[in-house]
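Chemist: build me a model from this:
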Amino acid sequence: MSFSLRTALPAPQLRLLLVPLLGLAVPSAPGAGVAASGALLLTAALTQPAPAWRTNMTGQCWTNSSCDRALIVSHGGDWSLTFPYDSLPAFQLAWQDGADCVKGDFRVSVDNVGMVTHSSPIEVYESPRCAGKRIENLTAAEISRCPMALTNYTFQRWDTMLAWAEQRVIFMLCVKRSQDLPRAISTILEAGAQDRAFLEISLGDLVSLVPRIPGWDRVYYLVQAGSMEEVLRLAVNVSAALRARAFTCEFNPGYQKWPGLNISAAVSQLHEAGVRSLAATSKFEPSVLEQEGLFRNGFDVVYTYDTKNAVKARTVVDKARGVAPP
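Modeler: Predicted coordinates for the structure are as follows:
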């Protein structure tokens with residue numbers, strides 16, 4: 001059996017291990033990284049308008065359960081040894097690769113600013129200099145000065161990210177703590193991004209917390225389901241007002257082992273309720289065929305850990321469906 005370091009180690013630890021071993025160059029300052037195409041990522045210009053479904057959710061395939069177009073969400077951007085997970089250059093590269101949407105994590109600083117950060121406390125493989133510090137105890141300025149591991153790229157503010165994404169790509173904000181939901185909603189609204197950004201939340205938070213937050217009904221939600229019962233609850237038992245904003249149901253990892261799983265029936269019931277379906281790929285090097293399979297199994301959206309292969313799979317599926325451009 002072959003051995004792969006990438007499948008044996010989580011990506012951030014892998015990055016820490018391989019960079020010194022392989023002598024890979026580390027960007028000396030934001031903007032120094034160069035993509036494979038030779039384009040400076042941080043100066044990548046918007047040379048032509050993006051397709052409508054990548055810049056606006058309302059009236060597009062994201063919120064139209066009868067749409068045949070395959071869609072992909074890039075998990076943390078197209079990150080690599082050089083461009084860290086959740087970093088601006090990783091997001092830019094995913095956009096350049098053709099992702100329909102990019103996912104970033106959402107936490108709130110002590111001065112009430114939405115930040116693109118995954119862990120709290122910060123892990124050593126995310127930022128050795130700031131490891132152990134809690135996002136909620138730091139100001140936005142302090143967080144923005146934390147260099148990401150092996151680079152001088154730093155954690156970004158969400159208002160900055162949403163401004164960059166306008167006319168480029170849709171963003172999914174994964175809200176890491178339920179208590180941060182009010183600030184996540186207000187961050188989207190303050191940026192005027194309610195038609196081009198959405199929140200990834202649990203079904204429990206959708207039902208119990210969201211309706212009490214000002215402005216909740218102006219934002220879209222991708223709802224995580226941990227069982228067939230939760231999928232059906234979203235499709236049938238959630239109020240029409242909530243379901244109008246809960247546009248997609250995410251089948252949580254491990255769904256293949258759910259008792260009574262019937263993907264076709266579940267997706268059909270979701271579509272009847274006006275809700276789309278999403279499933280994630282495996283975490284390490286998901287192939288084109290694996291991602292094609294998720295679409296062919298009935299899922300509308302694929303949450304991918306390999307953007308380039310996802311784009312190839314989406315192209316194959318859209319061509320087979322007669323969707324143009326693929």
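Chemist: which residues of the chain fall in helices?
Modeler: Taking DSSP state H as the criterion, the chain carries its helices at 5-8, 11-22, 88-97, 140-144, 158-165, 181-190, 203-208, 228-232, 240-245, 263-272, 288-296, 307-321.
Chemist: tell me which of the ones you listed approaches Gly215 most closely.
Modeler: Taking C-beta to C-beta as the measure, those were each checked against Gly215, and helix 181-190 came out nearest at 5.2 Å. In this view, the C-beta of every residue, glycine as well, is placed from N, C-alpha and C.
Chemist: on that earlier part again, out of the helices of the chain, which one sits most buried?
Modeler: Each of the helices of the chain was scored by mean neighbour count; the highest is helix 88-97, a mean of 25, by mean count of other C-beta atoms under 10 Å.
Chemist: what about the spatially most central residue of the chain, distance to Ala165?
Modeler: Centroid check for the chain by C-alpha atoms, centre = their mean gives Lys103 as the closest residue, at 1.6 Å. Here Lys103 is placed at a distance of 12 Å from Ala165 (C-beta to C-beta, to the nearest Å).
Chemist: joint contacts of these two?
Modeler: Contact criterion C-beta atoms under 8 Å, 6 or more residues apart in numbering; residues shared by Lys103 and Ala165: Phe171.
Chemist: I'd like to know how far the residue nearest to the residue nearest to the centre of the chain when sequence neighbours are not counted sits from Cys130.
Modeler: Once its chain neighbours are removed from consideration, Lys103 has its nearest residue in Met172; the separation is 4.3 Å (C-beta to C-beta, 6 or more residues apart in numbering). When C-beta to C-beta is applied, the distance between Met172 and Cys130 equals 25 Å.
Chemist: quick one: distance of stretch 179-191 to the chain centre.
Modeler: Taking C-alpha atoms, centre = their mean, to the nearest Å, one finds the center of stretch 179-191 at 17 Å from the center of the full chain.
Chemist: send the alpha carbons of that stretch over as CSV?
Modeler: This file holds the C-alpha atoms of stretch 179-191, laid out as CSV (Å, rounded to 0.1, in the frame of the first residue of the first chain):
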residue,chain,number,x,y,z
GLN,A,179,-23.1,33.8,20.0
ASP,A,180,-21.4,35.4,16.9
LEU,A,181,-24.5,35.0,14.7
PRO,A,182,-25.8,38.6,15.3
ARG,A,183,-22.4,40.1,14.3
ALA,A,184,-22.2,37.8,11.3
ILE,A,185,-25.6,39.0,10.1
SER,A,186,-24.8,42.6,10.6
THR,A,187,-21.4,42.2,8.9
ILE,A,188,-23.1,41.0,5.7
LEU,A,189,-25.7,43.8,5.9
GLU,A,190,-23.2,46.5,6.6
ALA,A,191,-21.3,45.4,3.5
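Chemist: what residues does it touch?
Modeler: Looking at stretch 179-191 with C-beta under 8 Å, 6+ apart, the contacting residues turn out to be 106-108, 112, 114, 158-159, 162-163, 173, 175, 194, 197-199, 201, 205, 209-210, 213-216, 218-219.
Chemist: could you redo the last one with a cut-off of 7 Å?
Modeler: Contacting residues not belonging to stretch 179-191 are listed as 106-108, 112, 114, 158-159, 162-163, 173, 175, 194, 197, 199, 201, 205, 209-210, 213, 215-216, 218-219 [C-beta atoms under 7 Å, 6 or more residues apart in numbering].
Chemist: quick revisit: Serialize the helices of the chain to CSV and add fields for distance to Ser119 and mean pLDDT.
Modeler: Listed next are these as CSV, based on distance: least, C-beta to C-beta, whole Å; pLDDT from 0 to 100:
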stretch, distance to Ser119, mean pLDDT
helix 5-8, 20, 37
helix 11-22, 10, 42
helix 88-97, 16, 96
helix 140-144, 12, 98
helix 158-165, 16, 97
helix 181-190, 17, 98
helix 203-208, 20, 98
helix 228-232, 26, 96
helix 240-245, 28, 96
helix 263-272, 32, 96
helix 288-296, 27, 97
helix 307-321, 22, 97
